[in-house]
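*Asks:* got a structure for you, letters missing:
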């Protein structure tokens, strides 16, 4: 079972009334915004902006998916966690969890793949060593990780 304490970066967000759809639960699009918000906090934590080569290199979201486990409704507050489950030479596979404070349960989980990209050449490139070092300081277990399982629970 995913546990909030397994995530090195966690944020809290209010569920907004405008995120609800005609079926009176949070629309699926909102979850991708939640993932984006915690991903930005993660990048701030590992000082992503400080190690970029100007703006000629940076991350691109190559893939993202979500699994919805329970309805989320307004009013509520959520905790959203992120962790890296695999770091390649030019990519990060990251996992997300979304917990409802109202129901005290995991309501969604997801994964995304970020690829480090050289915008000048139009090709993937290696992540800067300083960024890799910052990620390993936050998540030292990545040195030992050899395999990953999608949507671990």
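*Replies:* Okay, I see it. None of these values were measured; they are calculated from a predicted model. Numbers count the residues shown, from 1 in each chain.
*Asks:* which one in this protein is furthest away from the centre?
*Replies:* Residue farthest from the centre of the chain, counting by CA atoms, centre = their mean, is residue 22 at 27.2 Å.
*Asks:* read off the pLDDT value for it.
*Replies:* Predicted confidence (pLDDT) at residue 22: the value is 92.
*Asks:* ranges for the helices of this protein?
*Replies:* Counting by DSSP state H, the chain has helices at residues 28-45, 48-51, 129-138.
*Asks:* okay, these in TSV with distance to residue 3, mean pLDDT and mean neighbour count next?
*Replies:* C-beta here means a position set from N, CA and C on the backbone, and glycine is covered the same way. Listed next are those as TSV, based on distance: least, CB to CB, whole Å; pLDDT from 0 to 100; neighbours: other CB atoms under 10 Å:
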stretch	distance to residue 3	mean pLDDT	mean neighbour count
helix 28-45	16	97	17
helix 48-51	26	83	14
helix 129-138	17	94	15
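*Asks:* so for residue 95, which of these sits nearest?
*Replies:* Taking CB to CB, helix 28-45 is the member of these nearest to residue 95, at 10.0 Å.
*Asks:* report the distance from that closest one to the chain centre.
*Replies:* Offset of helix 28-45 from its chain centre (CA atoms, centre = their mean, to the nearest Å): 6 Å.
*Asks:* go on, stretch 130-137?
*Replies:* The chain centre lies 16 Å from the centre of stretch 130-137; the measure is CA atoms, centre = their mean.
*Asks:* repeat for stretch 11-26
*Replies:* 19 Å.
*Asks:* just the buried residues of that stretch, please?
*Replies:* Residues of stretch 11-26 classed as buried: 11, 13, 15, 19, 20, 25, 26 (neighbour count, 16 or more other CB atoms under 10 Å).
*Asks:* for the chain, which spans come out with low pLDDT?
*Replies:* By pLDDT under 70, the low-scoring segments of the chain are 1-2, 53, 144-153.
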